[in-house]
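# Pasting the sequence and the predicted model now:
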Amino acid sequence: MSRLEKLLSVLALLPFGIGLTVSGDVAPPDRVVFSFQDAEIIESSGLVVEDGLFATINDSGDSGRVFTVNLRGETVAVTSWDGEPTDVESIAPLPSGDLLVGDIGDNEEARDSVQLLKVPFGQDGPVAPFTYDVAYPDGAHDAEALLVHPVTGQVLIVDKDIIGRMYAAPARLDPDGTNELTVRGDDLLPIATDGAFFPDGKHFILRGYFTAAVYRWPSLREVARMDLPAQEQGEGIAVDDRDRVFLSSEGQHSDVLSFALPKKVQAEVSGTKRPDRDGEPGTSARDDVVDQDGTRPYWPWALGGVVGVVLLLVLGRSLRPRR
């Protein structure tokens with residue numbers, strides 16, 4: 001994607017960013033954990049953390065490879081495989097300790113199927129991955145968020161749309177045929193760029209460019225929505241075994257941030273919150289901004305839409321060739 005295309009896409013998403021951040025829950029300050037030292041990591045688009053090591057992949061245009069990085073930002077392993085992926089956008093940890101790589105990007109929404117690849121975590125050198133073809137039940141979708149349940153191994157994809165629809169893969173992936181996805185739920189975070197489960201398997205988090213949202217599993221009930229720190233193009237999120245959240249961004253030598261959840265959200269995912277009447281953990285900060293009829297307020301979206309349209313018009317005029 002060119003710099004101009006990226007700028008236009010970010011500006012097009014600005015209405016949603018304003019609408020969400022106005023009504024979001026503000027988290028405590030973040031901090032830089034490390035910066036990627038490897039000049040080959042230029043578009044970190046997915047993130048996994050295990051035992052003090054981080055795995056990431058580059059966005060579309062790269063060869064098939066996963067970088068393993070230590071807490072100093074140094075690359076300690078590059079796991080590679082033959083073939084040219086179409087658009088790798090995400091990675092997720094498997095219960096086995098391996099990684100699932102999501103070649104699930106489809107900007108033109110033209111792919112008949114997308115691919116998931118199982119590779120070892122932290123192995124240096126070439127590998128022969130298991131490859132699984134998966135297809136949507138309702139036509140092609142662009143997606144960047146791939147999640148795997150830490151206990152059951154359930155594979156989930158959230159499309160990169162303004163509706164935010166979640167799709168579930170079959171319980172056992174077939175390496176020899178096309179695995180048909182099913183719709184698991186919708187009305188999740190719009191324009192999701194990554195996601196991850198918390199270790200308890202009862203909560204997961206989705207991120208976009210401006211905000212993140214925590215949900216309960218399997219009900220998909222939203223717990224909270226939070227502002228994210230400013231990043232060049234934030235596309236990666238990971239959760240470690242202590243419920244700590246980490247964020248990555250595109251850009252050479254970009255920072256990996258530690259993102260502190262608000263106290264109410266931390267209490268929810270750590271299991272220290274008292275159950276509500278339906279047996280689930282109690283309500284959280286996000287419930288305060290939901291209207292009584294169960295809908296979210298629309299004025300932030302309207303305000304964001306006006307600002308976004310004005311910015312796009314100004315940009316369009318500035319790019320118009322002069323006679």
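All right, it came through fine. Because the structure is predicted, anything quoted here is derived from the model rather than measured. Residues are numbered from 1 along each chain as shown.

# Low-confidence stretches in the protein?
Within the chain, the ranges that satisfy pLDDT under 70 run 1-29, 273-323.

# Tell me which stretches of it form helices.
Using DSSP state H, the helices of the chain run over 3-23, 263-270, 299-319.

# List the beta-bridge partners for the residue nearest the centre of the chain.
Nearest to the mean C-alpha position of the chain, by Cα atoms, centre = their mean, lies residue 194 at 0.6 Å. Beta bridges link residue 194 to residue 207, judged by DSSP bridges.

# Would you confirm that it contacts residue 158?
No: contact criterion Cβ atoms under 8 Å: residue 194 and residue 158 do not qualify, at 9.1 Å. Where C-beta positions appear, they are placed from N, C-alpha and C, glycine not excepted.

# Tally up the residues packed near the closest residue to residue 34 other than its chain neighbours, please.
Leaving aside its sequence neighbours, residue 34 sits nearest to residue 73 (Cβ to Cβ, 6 or more residues apart in numbering; 3.9 Å). Using other Cβ atoms under 10 Å, residue 73 has 19 other residues around it.

# Same question for residue 260.
Applying other Cβ under 10 Å, I find that residue 260 has 16 neighbouring residues.

# Roughly how far does it sit from residue 172?
Using Cβ to Cβ, to the nearest Å, residue 260 is found at 37 Å from residue 172.

# Which residues are in contact with residue 81?
By Cβ atoms under 8 Å, 6 or more residues apart in numbering, the contact set of residue 81 is 64-65, 117, 119, 126-129.

# Need phi/psi at the closest residue to it other than its chain neighbours.
Closest residue to residue 81 apart from its sequence neighbours, by Cβ to Cβ, 6+ apart: residue 64 at 4.4 Å. The phi and psi values for residue 64, taken as degrees, to the nearest 10, are phi -80, psi 100.

# Could you check how far residue 64 is from residue 194?
Remark: distance between residue 64 and residue 194 (Cβ to Cβ) = 19 Å.

# same thing with residue 103?
Distance of residue 103 to residue 194, computed by Cβ to Cβ: 15 Å.

# these two touch, right, residue 109 and residue 136?
No: assessed by Cβ under 8 Å, residue 109 is found out of contact with residue 136, at 9.8 Å.

# more neighbours, those two?
For residue 109 versus residue 136, the count of surrounding residues by other Cβ under 10 Å is larger for residue 136: 22 against 12.

# ok, the closest residue to that one other than its chain neighbours - contacts?
Spatial nearest neighbour of residue 136, excluding adjacent residues (Cβ to Cβ, 6+ apart): residue 181 at 5.3 Å. Residues in contact with residue 181 (Cβ under 8 Å, 6+ apart) are 134-137, 157, 167-169.

# Show me the beta-bridge partners of the closest residue to residue 41 other than its chain neighbours.
Spatially, and ignoring its direct neighbours in sequence, residue 41 is nearest to residue 67 (5.5 Å; Cβ to Cβ, 6+ apart). When assigned by DSSP bridges, residue 67 has beta-bridge partners residue 56, residue 78.

# on that earlier part again, give me the common contacts of residue 194 and residue 158.
145, 206.

# Pull out the buried residues from stretch 191-204.
Neighbour-count burial for stretch 191-204 flags 191-198, 202-204 (criterion: 16 or more other Cβ atoms under 10 Å).

# chain center to that stretch: distance?
8 Å (Cα atoms, centre = their mean, to the nearest Å).

# what's the span of that stretch from first residue to last?
Using Cα to Cα, to the nearest Å, the end-to-end distance of stretch 191-204 comes to 16 Å.

# ok, so what distance separates residue 108 from residue 60?
11 Å.

# and these two? which has more neighbours close in?
More crowded of residue 108 and residue 60, by other Cβ under 10 Å: residue 60, with 16 against 9.
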